[in-house]
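Asks: Following is a predicted model, sequence given first.
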Amino acid sequence: MSETTIYLDNAATTRITDNVLEAMIPWLKEGYGNASAVYSAGRKSAIALNKARAQCAEILGCESRDIIFTSGGTESDNTAVFSAAKSAEIRGKKHFITTAFEHHAVLAPMRELESRGFRITYLPVHENGIVRVSDLEAAITPETSFVSVMAANNEIGTIQPIAQIGELCRAKGITFHTDAVQAFGNIPINVSEHNIDMLSLSGHKIHAMKGTGLLYVRNSAKLRPFMLGGAQQGGKRAGTENIAGIVGLAEAMRAAADGLSAKNEKLLPLREKLISELSRISGAKLNGDRAMRLASNVNFSFEGIEGEALILQLDLMGIAVSSGSACTSGSSEPSHVLTAIGRTYDEARSSVRITMSEETCDSDIDAFLDGMGTALAKLRK
Ligand SMILES: Cc1ncc(COP(=O)(O)O)c(C=O)c1O
């Protein structure tokens, strides 16, 4: 079906791996019972659901009861922000802190809260794309009740100091949420060790199905549900559970956690090769910190080049990468992530993001670099 031969857009989504698909198939075929039903087909689904929940909890370092399965990163982020907002309204502590370069799944709910009278502080992320704990400390006031800082950025892959942020928030009695959609499977994450109160995760970034994900909530009994309806998941998230998707998510998380060190060992030299080769191109500028970034991520701006045009040239060669600019209703807006790290409008529009998975190999990188040479020569002519 696909004509892409070299896939380097794994931050956008990933291929479903065979182990995940095989884990899911029985629950798509014969195991279709509704987990709320009392007869045996339903009970079997409920058992699979509980097993998957326990597995995810063990991997994240928390209690099973604090895992809520959702439809993905967007729903998890929205649930976290709006639940915190309801608690904040009751406590009269309507100051939230986040960063300027969060995913829109956090930023859009924050903007909605601003229109409801909340005060939101957007921390700077500086030229290296990393939040400073001292900036966070300075922004905290007696009215602050919620902090949301992503564990790693989706465009430039920079890793944030979430352990220190968690420690600071814990000491101040502030709820700390992290969007770990891009970080999970790339860096170790343990909610207990890192003092994380809420964590969002998405299945399709780690080789599970689109439309799957979870939200971890410490003390989930206090969660104010976002999805209302039936009593599924202890009333914390209404809606018939997607057993196949959830079983696949648990399997994908297991594989990601088990394969983490091997993945990083494999990808670090590939990332370094990409960075050193692309840096030689005239007008090339690396976006985001050189070292504190995911082993899977490289993001460059190329002076005088339209990112979208470069991507289309590479696509003609069967190579899939993405650009930092998102098309909004026909007009190409520069990425808010790149402008947050101080890139100009033109620099932001000239960016290309290359994101690898554990399946990426040396020959993919060589072919990509060759393709880049050809595409850039064509475009610069
Ligand atoms: C950091 C981050 N948060 C949230 C999301 C949204 O996740 P989903 O596509 O599962 O809704 C994404 C997806 O790109 C992401 O990269």
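Replies: Yep, it's here. This structure is a prediction, so every number in the text was calculated from the model and none was measured.
Asks: Kindly list the longest helix within this protein.
Replies: In the chain, taking DSSP state H as the definition, the longest helix is helix 243-279.
Asks: what separates that one from the chain centre, distance-wise?
Replies: On the basis of CA atoms, centre = their mean, to the nearest Å, helix 243-279 is displaced by 13 Å from the centre of the chain it belongs to.
Asks: and Gln6, how many neighbours?
Replies: Slight slip there: residue 6 is Ile, not Gln. Ile6 has 20 neighbours, counted by other CB atoms under 10 Å. For the C-beta atoms, the positions are set from N, CA and C on the backbone; glycine is no exception.
Asks: partner residues bridging Leu215?
Replies: Assessed by DSSP bridges, Leu215 has beta-bridge partners Ile68, Ser200.
Asks: picking up where we left off before, so what secondary structure elements neighbour the longest helix of the chain?
Replies: helix 18-28, helix 40-60, strand 284-286, strand 297-302, helix 362-380 (3 or more CB pairs under 8 Å, 6 or more residues apart in numbering; DSSP states H and E).
Asks: Just the CA trace of the second one, in PDB.
Replies: Pointing back at helix 40-60 there. Listed next in PDB are the C-alpha coordinates belonging to helix 40-60 (Å, rounded to 0.1, in the frame of the first residue of the first chain):
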ATOM      1  CA  SER A  40     -18.100 -15.600  30.900                       C
ATOM      2  CA  ALA A  41     -17.200 -13.800  27.600                       C
ATOM      3  CA  GLY A  42     -17.500 -10.500  29.500                       C
ATOM      4  CA  ARG A  43     -15.600 -11.800  32.500                       C
ATOM      5  CA  LYS A  44     -12.700 -12.900  30.200                       C
ATOM      6  CA  SER A  45     -12.500  -9.400  28.700                       C
ATOM      7  CA  ALA A  46     -12.500  -7.900  32.200                       C
ATOM      8  CA  ILE A  47      -9.700 -10.200  33.300                       C
ATOM      9  CA  ALA A  48      -7.600  -9.200  30.200                       C
ATOM     10  CA  LEU A  49      -8.300  -5.500  31.000                       C
ATOM     11  CA  ASN A  50      -7.200  -6.000  34.600                       C
ATOM     12  CA  LYS A  51      -4.100  -7.800  33.500                       C
ATOM     13  CA  ALA A  52      -3.200  -5.100  31.000                       C
ATOM     14  CA  ARG A  53      -3.800  -2.400  33.700                       C
ATOM     15  CA  ALA A  54      -1.500  -4.200  36.200                       C
ATOM     16  CA  GLN A  55       1.200  -4.500  33.500                       C
ATOM     17  CA  CYS A  56       1.100  -0.800  32.600                       C
ATOM     18  CA  ALA A  57       1.100   0.100  36.300                       C
ATOM     19  CA  GLU A  58       4.200  -2.000  37.000                       C
ATOM     20  CA  ILE A  59       6.100  -0.500  34.100                       C
ATOM     21  CA  LEU A  60       5.300   3.100  35.200                       C
END
